[in-house]
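*Asks:* how would this look folded up:
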Amino acid sequence: MSTLQGSCNCGAVKFTLAQAPTDASACHCTQCRKQSGHYFASANLPKEAVALTGGENLTWYQASEKVRRGFCSKCGSWLFWEPVFRDWTSVALGSLDGATGLNLERHIFVAHKGDYYAICDGLPQSEN
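*Replies:* Sure, this is the predicted structure:
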């Protein structure tokens, strides 16, 4: 794997991934749709595999008692989603620079998807 790097839109928060993320999914839940403006594509890796630059510009929004979402406090780019009581994080696939070598593996929370689009890629879908 070549090293994956990413950033927010303005470049105030940058990161390097020490390993390739896995379990790439598209989440169609209401929270992801409202925060991202559509559905949210992300993949998982251990928290310690993410090296941040500009971490002082990363703000965490406590979306529920179990989950928080990390975004740039300068430009608002949503970069991370993570369960509070786990040792992994989920990185926004759209925040990665260049080719990733990753492919979506599934769609989750499709029972909550918007009515303005169809999921037609043939990937597995979970209602929740």
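*Asks:* okay, CA-based contacts and neighbour counts for the rest of this
*Replies:* Will do.
*Asks:* the residue nearest the centre of the chain pairs with what?
*Replies:* The centroid of the chain falls nearest to Ala92 when counting by C-alpha atoms, centre = their mean (2.8 Å). With DSSP bridges as the criterion, Ala92 is bridged to Ser42.
*Asks:* and it, how close does it get to Asp115?
*Replies:* Remark: distance between Ala92 and Asp115 (C-alpha to C-alpha, to the nearest Å) = 23 Å.
*Asks:* how about Ala24?
*Replies:* In terms of C-alpha to C-alpha, Ala24 sits 23 Å off from Asp115.
*Asks:* buried set for the strand or helix carrying Gln31?
*Replies:* Using DSSP states H and E, Gln31 falls within helix 30-36. For helix 30-36, burial by neighbour count (16 or more other C-alpha atoms under 10 Å) applies to Thr30, Cys32, Arg33.
*Asks:* who touches the worst-scoring helix or strand of the chain on mean pLDDT?
*Replies:* When the helices and strands of the chain are compared on mean pLDDT, DSSP states H and E, helix 30-36 comes out lowest with a mean of 93. The contact list for helix 30-36 (C-alpha atoms under 8 Å, 6 or more residues apart in numbering) reads His38, Tyr39, Phe40, Trp78, His112, Lys113.
*Asks:* list just the nearest of the residues you listed to Leu58.
*Replies:* Among those, Trp78 lies closest to Leu58 (C-alpha to C-alpha), at 9.4 Å.
*Asks:* count the neighbours of the closest residue to the closest one other than its chain neighbours for me.
*Replies:* Nearest-residue entry for Trp78: Phe71, 4.2 Å, with adjacent residues in sequence omitted and distances by C-alpha to C-alpha, 6 or more residues apart in numbering. Residues contacting Phe71 under the criterion other C-alpha atoms under 10 Å number 19.
*Asks:* the one helix or strand Phe71 maps to pairs with which strands, and in what direction?
*Replies:* Here Phe71, judged by DSSP H and E, is contained in strand 67-72. Paired neighbours of strand 67-72 in the sheet (DSSP bridges): strand 58-62 (antiparallel), strand 78-83 (antiparallel).
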